[in-house]
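[1] model this:
(chains A and B)
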There are 2 protein chains.
Amino acid sequence: MLDAVCIGNAIVDVISAAEPEFLSRHNLVPGSMNLIDETQAQALYGEMGPGREISGGSAGNTAAGIASLGGACRFIGKVHNDELGDVFTHDMRAAGVEFTTAHLVAGPATARSLILVTPDAERTMNTYLGACVELGPDDIDEDQIARAQVTYMEGYLWDPPSAKDAFRRAIEIAHGAGRKTALTLSDSFCVDRYRQEFLQLMEGDIDIVFANEDELKSLYQVDSFDDALQRVQGHCEIAALTRSEKGSVIVRGTEVHVIDAMPVDRVVDTTGAGDLYAAGFLYGLARDYDLKTCGLIAGLAASEILSHYGARPEVSLKKLVDEHIAI
Amino acid sequence: MLDAVCIGNAIVDVISAAEPEFLSRHNLVPGSMNLIDETQAQALYGEMGPGREISGGSAGNTAAGIASLGGACRFIGKVHNDELGDVFTHDMRAAGVEFTTAHLVAGPATARSLILVTPDAERTMNTYLGACVELGPDDIDEDQIARAQVTYMEGYLWDPPSAKDAFRRAIEIAHGAGRKTALTLSDSFCVDRYRQEFLQLMEGDIDIVFANEDELKSLYQVDSFDDALQRVQGHCEIAALTRSEKGSVIVRGTEVHVIDAMPVDRVVDTTGAGDLYAAGFLYGLARDYDLKTCGLIAGLAASEILSHYGARPEVSLKKLVDEHIAI
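    Got it, this is the predicted structure:
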């Protein structure tokens, strides 16, 4: 039995400091996630400062979080058989996640996201999808999906063309086996690109949706969180909605939980907070905890990530949960 | 005119947290630098935790420091034409260092150092030299060395066999052009391996030697810092001796300066402190500052590195110097 299978773009982050002028000179909107091609990636990399490479990818971060909580988790995503592909694979397995998707041996290189961090700690991401565009339905392992309590996918998967088919195939298998499916809306720009598709997925294909306030408001094209909340209620089985320092709101039909954020001494880096929230929530759900407990574990996992650079946990989340949450 | 040419092993650091038991299980001495072959590197990487990749290499860190101080600096070192080689090259150039050594197109991969950080913040390095073993005299650019105030080399260069010849060739060119040469003893294990060679280099081949207390005591096989100090005085033109929180001692003939360490709020990571000390000192020397000022710039550059993870500066050292040191 697996707690979860996470499917996403397999990406190595290349993180570098940048001044705001660098962003404006390259016409980059602060805080945005931009898709760039190989030529653009080479040009931008050539001009940006020294970097540090850390494995990332939204669903990959979530998988690492579930493993750190003690969950049995598998990741599906596509890397090339190159050095960054080796780095991604190593980091995933070293985090305790099963990862066996076949590596590409020809075609585009392993994906990388050139992340520019401005002095206000905001991150602007420029992602070259590379090998991720080759993820397809054949990479979806039927047996694994059928064994997993929940199959979790990132909205970003709608960017590479054939990943969509992999996504739909995974839903078919999961529901065929009586399992749950979950989706994160990924970011408000992603919601802008695929609003109709996401709204439709929530009509039965997706059981659990994760969204932050911006993504949710963008999804329903409304101005207030509460308006969006009224719309999402009943639109899918469970919605887990994150609101940064305001905590989170969890909705299942008429059952609504408002969970306070865990206090954090100093927020160093917000990257991955949503990914780790999803990790905590899905782990709790897979273990049949009540929704409030799921929300508490989720908030605790997110708070650990906020306290350091990088989007994967640096301490055992299982130990943190044992110390802080009564289950 | 160049302030400095730095010659060293071109290495990408792969940094990962590890428990002390992991070190003892792999027979690793805490705090040591071990040379490992490709098979050992693969085996150790396979067992260590998730990593983060940051360009390193002792002389490479020094070059990045000199550039950050506003100096004109060139690096000579060997990478393979692979992804980690691209990362190293990018990071060097993005730091403002000229780096044009021809990449290997066949043979061993770009060097990497698997660095295990235990909870006491001590770092144990396991270095696979890879492409570095192919550095040879042909990579030494005569014109550049002749144009540089000082040519700086790391003791670690004595590990890959033909780098020694490159090292000797660089000394010949530098001295032929009336320029200075400098050497760091690198680490006490390195001194153990090449004690006789280093002692002999200091009889005229090397004008400026950098050493920390352990390295210096190992070089002369004496027990106290002062005994070693008496030995190094007059052994080469200038000795710059670092003593961690005790600051540094600079010796030129009978001229001796004892410089206090810059206060640091919190020492996060000591990796690279010696490399950045050398950067500050060499920059000062190239600009004809007096020895005390050279020592102050050196201490300031080292203190910046102590305050964060990674061995390359995260802020402009030139700005720091302008703010803190009266020149």
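[2] got the contact list for A:Thr100?
    Each residue near A:Thr100 by Cβ atoms under 8 Å, 6 or more residues apart in numbering or on different chains is listed here: A:Asp141. Heads up, the C-betas are built off the backbone N, CA and C, glycines and all.
[3] Could I get the pLDDT score of it?
    A:Thr100 is assigned a predicted lDDT (pLDDT) of 97.
[4] Distance of it relative to A:Glu203?
    Applying Cβ to Cβ, to the nearest Å, one obtains 32 Å for the distance of A:Thr100 from A:Glu203.
[5] Measure how buried the residue lying closest to A:Pro313 once chain neighbours are set aside is and give me the count.
    Ranked by Cβ to Cβ, 6 or more residues apart in numbering or on different chains and with sequence neighbours excluded, the top spatial neighbour of A:Pro313 is A:Ser68, at 4.5 Å. A:Ser68 has 28 neighbours, counted by other Cβ atoms under 10 Å in any protein chain shown.
[6] swap in A:Glu21?
    By other Cβ under 10 Å, 9 other residues sit near A:Glu21.
[7] Over to it: give its phi and psi.
    Phi and psi for A:Glu21, reported as degrees, to the nearest 10, are phi -60, psi -30.
[8] which neighbours does whichever strand or helix holds A:Ile15 have in its sheet, and in what orientation?
    Using DSSP states H and E, A:Ile15 sits in strand A:11-17. If you go by DSSP bridges, strand A:11-17 pairs up with strand A:52-55 (antiparallel), strand A:111-117 (parallel).
[9] tell me the SS of A:Pro119?
    coil (DSSP: H, G, I helix; E, B strand; the rest coil).
[10] Return the residues in contact with it.
    Residues counted as contacts of A:Pro119 (Cβ under 8 Å, 6+ apart) are A:17, A:19-20.
[11] Including pLDDT, could these go into a markdown table?
    Listed next are these as a markdown table, based on pLDDT from 0 to 100:
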| residue | pLDDT |
| --- | --- |
| A:Ala17 | 89 |
| A:Glu19 | 94 |
| A:Pro20 | 95 |
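[12] which one of those sits closest to chain B?
    Nearest to chain B among the contacts of A:Pro119: A:Ala17, at 6.9 Å, using Cβ to the nearest Cβ.
[13] That closest one reaches A:Gly49, doesn't it?
    Yes - assessed by Cβ atoms under 8 Å, A:Ala17 is found in contact with A:Gly49 at 5.8 Å.
[14] Those two - which one has more neighbours?
    With neighbours defined as other Cβ under 10 Å, A:Ala17 and A:Gly49 compare such that A:Gly49 has more, 18 against 15.
[15] next one: phi and psi at the more buried one?
    phi -70, psi -180.
[16] ok, it - contacts?
    By Cβ under 8 Å, 6+ apart, A:Gly49 lies in contact with A:16-18, B:94-95.
[17] And the residues you listed, which of them are buried?
    Buried by 16 or more other Cβ atoms under 10 Å in any protein chain shown: A:16, A:18, B:94-95, out of the contacts of A:Gly49.
[18] how about the contacts of A:Gly49 in CSV, adding distance to B:Pro30?
    Putting the contacts of A:Gly49 into CSV (distance: Cβ to Cβ, whole Å) gives the following:
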residue, distance to B:Pro30
A:Ser16, 31
A:Ala17, 31
A:Ala18, 37
B:Ala94, 33
B:Ala95, 30
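[19] of all those, which comes closest to A:Gly77?
    Nearest to A:Gly77, judged by Cβ to Cβ, of the contacts of A:Gly49 is A:Ser16 at 23.4 Å.
[20] My read is that that closest one contacts A:Tyr45, right?
    No - counting by Cβ under 8 Å, A:Ser16 stays clear of A:Tyr45, with 9.1 Å between them.
[21] near chain B at all, stretch A:259-270?
    No - taking Cβ under 8 Å from any Cβ of the partner chain as the criterion, stretch A:259-270 and chain B are apart, separated by no less than 11.5 Å.
[22] since we're on the closest residue to chain B within the stretch 201-327 of chain A, how many residues are nearby?
    Nearest residue of the stretch 201-327 of chain A to chain B: A:Arg312, at 6.3 Å (Cβ to the nearest Cβ). As a burial measure, A:Arg312 scores 29 neighbours (other Cβ under 10 Å).
[23] For it, give me phi and psi.
    Backbone torsions of A:Arg312, given as degrees, to the nearest 10, read phi -130, psi 150.
[24] so the residue nearest to it when sequence neighbours are not counted, which of the three states?
    With sequence-adjacent residues excluded and distances taken as Cβ to Cβ, 6+ apart, A:Arg312 is closest to A:Ala64, at 4.5 Å. At A:Ala64, secondary structure determined by three-state DSSP is helix.
[25] neighbours around A:Ala64, how many?
    If you count neighbours by other Cβ under 10 Å, A:Ala64 ends up with 31.
[26] again, but for A:Asp290
    13.
[27] For the residue nearest to the spatial centre of chain A, give me the pLDDT.
    In chain A, the C-alpha nearest the mean C-alpha coordinate belongs to A:Ser58, at 2.9 Å (Cα atoms, centre = their mean). As predicted, A:Ser58 sits at a pLDDT of 96.
[28] contacting residues for it?
    Neighbour list for A:Ser58: A:8-9, A:154, A:156, A:184, A:186, A:274-275 [criterion: Cβ under 8 Å, 6+ apart].
[29] filter those to the buried ones?
    Buried members of the contacts of A:Ser58, counted by 16+ other Cβ under 10 Å: A:8-9, A:154, A:156, A:184, A:186, A:274-275.
[30] Just to be careful, could you list which of the residues you listed are in strands?
    A:154, A:184 (DSSP state E).
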